[in-house]
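# What shape does this take:
(chains A and B)
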Amino acid sequence: MKLATWNVNSLGVRLPQVLDWLTANPVDVLALQELKLTDEKFPADAFTAAGYHAHWFGQKTYNGVALLSRTPATDVIKNIPGFDDDMSRVITGTVDGVRVIGAYFPNGQEPGSDKFEYKMEWLTALRRWVKEELAAHPKLVLMGDYNITFDEDDVWDPANLEGTIHCTEEERYHLRALIALGLTDSHRLFEQPAKSFSWWDYRDAGFRRNRGMRIDHILVSHALRPSVTACTIDKTPRKNERPSDHAPVVVDLVP
DNA sequence: ATGCCGGGAGATTCCCGA
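Got it, this is the predicted structure:
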């Protein structure tokens, strides 16, 4: 079983690339973030034709998430129960016995800003809810655009970016607290190339110079951890014309 | 040079992302 996450930065623009990628990488589950379109504009027919069931939770201009799967997802939930939020950031479903949470974590903009405070509140609410989901569904995957780096290995210039957004101690505390619920970072279960990133700024030739960060993660529960055989970042679509600024991350599970 | 690129809204420039 292969599961993947990809922030596509506008599904309206990126749909052809997503379909091409699925043809080349027929994963069982794909979580998408930053659809940037309303529900009625979601291209459900294109995904049906590609052999995928889809659930989506759109929003105009910003945010928006979807969950695609080869077999139908059940028990689908949108956003974080009990957390009032006017942004579409989370979609959850059970696929082939695995509870899959796809999430677009808040950016936070700048430490100390209102958006940063919202990010902290959102992270607290997410953790409370994921704890409950884990208790109910031991086989769980939490994947998406976390907008948080674990440590300096996830940052192209850690000295200069220390304490800036995605690299603050407050954000990393929340990421470690998610791990402490009983989750593991799939990426670091395996040897990875040095300076493995999942996002590169469009500006200043970020991708060509590998000036990026690893902020897209696939966390797996302890019950699934022994099943994980690989975790890779696919930089191929970042080389497309008009690419997303994020690359897909893929995890392989054996039954 | 995060005033740098790119998407969206919708207006001829802005907000936002990371």
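# Quick check: phi and psi on the residue in chain A positioned nearest to DNA strand B?
At 3.0 Å from DNA strand B, A:S10 is the closest residue in chain A, using CB to the nearest atom of the strand. For the C-beta atoms, the positions are set from N, CA and C on the backbone; glycine is no exception. The phi and psi values for A:S10, taken as degrees, to the nearest 10, are phi 90, psi 100.
# and it, how far is that from A:P72?
26 Å (CB to CB, to the nearest Å).
# Identify the bridge partners of the residue nearest in space to the middle of chain A.
Here the mean C-alpha position of chain A is nearest to the C-alpha of A:G144 (CA atoms, centre = their mean), at a distance of 1.0 Å. Applying DSSP bridges to A:G144 yields these beta-bridge partners: A:A103, A:H217.
# Hmm, A:L30 and it touching each other?
No: the criterion here is CB atoms under 8 Å, and A:G144 misses it with A:L30 at 11.3 Å.
# Pull the contacting residues for A:N210.
A:156, A:195, A:197, A:200 (CB atoms under 8 Å, 6 or more residues apart in numbering).
# can you pull out the helices in chain A?
A:11-24, A:44-49, A:114-136, A:158-161, A:169-180 (DSSP state H).
# Tabulate the ones you listed in CSV, adding columns for distance to A:R211 and mean pLDDT.
Shown next, in CSV, are the helices of chain A (distance: least, CB to CB, whole Å; pLDDT from 0 to 100):
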stretch, distance to A:R211, mean pLDDT
helix A:11-24, 22, 97
helix A:44-49, 33, 98
helix A:114-136, 23, 97
helix A:158-161, 10, 94
helix A:169-180, 20, 98
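# Compile those into JSON lines and extend it with columns for mean neighbour count.
Formatted as JSON lines, the helices of chain A follow (neighbours: other CB atoms under 10 Å):
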{"stretch": "helix A:11-24", "mean neighbour count": "16"}
{"stretch": "helix A:44-49", "mean neighbour count": "14"}
{"stretch": "helix A:114-136", "mean neighbour count": "17"}
{"stretch": "helix A:158-161", "mean neighbour count": "12"}
{"stretch": "helix A:169-180", "mean neighbour count": "16"}
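# The ones you listed: which one's closest to A:Y104?
Of all the helices of chain A, helix A:114-136 sits nearest to A:Y104, with 10.3 Å by CB to CB.
# who touches the closest one?
Under CB under 8 Å, 6+ apart, the answer for helix A:114-136 is A:80-83, A:85, A:89-90, A:92, A:99, A:101, A:103, A:105-110, A:140, A:142, A:147, A:165, A:170-171, A:174, A:177-178, A:181-183, A:221.
# now swap in stretch A:32-46 and tell me
Here stretch A:32-46 has contacts from A:5-12, A:15, A:18-19, A:54, A:56-68, A:102-104, A:144-145, using CB under 8 Å, 6+ apart.
# Alpha carbons of it, as PDB, please.
This file holds the C-alpha atoms of stretch A:32-46, laid out as PDB (Å, rounded to 0.1, in the frame of the first residue of the first chain):
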ATOM      1  CA  LEU A  32      -3.900  17.000  -1.500                       C
ATOM      2  CA  GLN A  33      -3.500  20.400   0.100                       C
ATOM      3  CA  GLU A  34      -4.100  24.000  -1.100                       C
ATOM      4  CA  LEU A  35      -6.700  23.200  -3.600                       C
ATOM      5  CA  LYS A  36      -7.700  26.900  -3.700                       C
ATOM      6  CA  LEU A  37     -11.000  26.200  -5.200                       C
ATOM      7  CA  THR A  38     -14.600  25.900  -4.000                       C
ATOM      8  CA  ASP A  39     -16.400  22.500  -3.700                       C
ATOM      9  CA  GLU A  40     -18.400  22.900  -6.800                       C
ATOM     10  CA  LYS A  41     -15.200  23.400  -8.800                       C
ATOM     11  CA  PHE A  42     -13.500  20.300  -7.600                       C
ATOM     12  CA  PRO A  43     -12.700  18.100 -10.600                       C
ATOM     13  CA  ALA A  44     -14.300  14.900  -9.300                       C
ATOM     14  CA  ASP A  45     -14.900  13.500 -12.800                       C
ATOM     15  CA  ALA A  46     -11.300  13.700 -13.700                       C
END
